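Participant: Sequence and predicted structure below; questions after.
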Amino acid sequence: VKQFEYEMIERSLINISAAARGMEILCHNREKGNTVILLIGQDCQSSSGQINALADALDAMVISTQGGKTWVDCWQPRYRGVFGFAGHTTAREVLEHKAVGVVVALGTKLGQWATSGWDSRLLNDRLIHVHPVAEYFCRSAMAQLHIQGEVQSVINYWLENIPWSQGELPEKDHIERDIN
């Protein structure tokens, strides 16, 4: 039985070893020039500012579920729309792009509507699933990593541990040119 190391961060428990591994995966993908996608779900309440900061720090594209669009700044230039039920073509196109290295699902239960009927463009081994309730990880068994913890606390941990400043981002393939 594997023991997990949990740490109290901002009065919230997160699996610190999984969050650290997530940071390694994100940094590795950015250093390789891969695009990071943030999928924002319904359980990201009170995290809008952190989501924008993380998207900027990682130069990440942002998509959401229907329930998660509430937490995305409508003026966020990296936002490409809703994936899932009644979703946008632009969100689907972002997931299909060859430059995508990792998709971070934040605060989504990954139900049938949020995944567009269990679509493999989202549900694959590029996925990192972050949620405070471990029960929802059964819907993302194919994910390369599960991180249990409050979304806001996990994002704050990542923002505090990104090894570059925003002006020093590693180069990446420009998915924006192909999608826009």
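Facilitator: Nice, thanks for sending it over. Numbering: from 1, shown residues only.

Participant: Please, where are all the helices along the chain?
Facilitator: Counting by DSSP state H, the segments of the chain that form helices are 16-31, 48-58, 89-96, 151-161, 175-179.

Participant: Kindly present those helices as a markdown table, with separate columns for mean pLDDT.
Facilitator: As requested, those are arranged in a markdown table below (pLDDT from 0 to 100):
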| stretch | mean pLDDT |
| --- | --- |
| helix 16-31 | 96 |
| helix 48-58 | 94 |
| helix 89-96 | 96 |
| helix 151-161 | 95 |
| helix 175-179 | 55 |
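
Participant: can you tell me which of these comes nearest to V102?
Facilitator: Across the helices of the chain, the minimum distance to V102, taken as C-beta to C-beta, is reached by helix 16-31, at 4.8 Å. C-betas here are computed from N, CA, C, even on glycine.

Participant: so how far is that closest one from its chain's centroid?
Facilitator: In terms of C-alpha atoms, centre = their mean, to the nearest Å, the centre of helix 16-31 is set 12 Å apart from its chain centre.

Participant: go on, stretch 109-124?
Facilitator: 14 Å.

Participant: May I see the buried residues of that stretch?
Facilitator: By 16 or more other C-beta atoms under 10 Å, the buried positions in stretch 109-124 come out as K109, L110, G111, A114, T115, S116, D119, R121, L122, L123.
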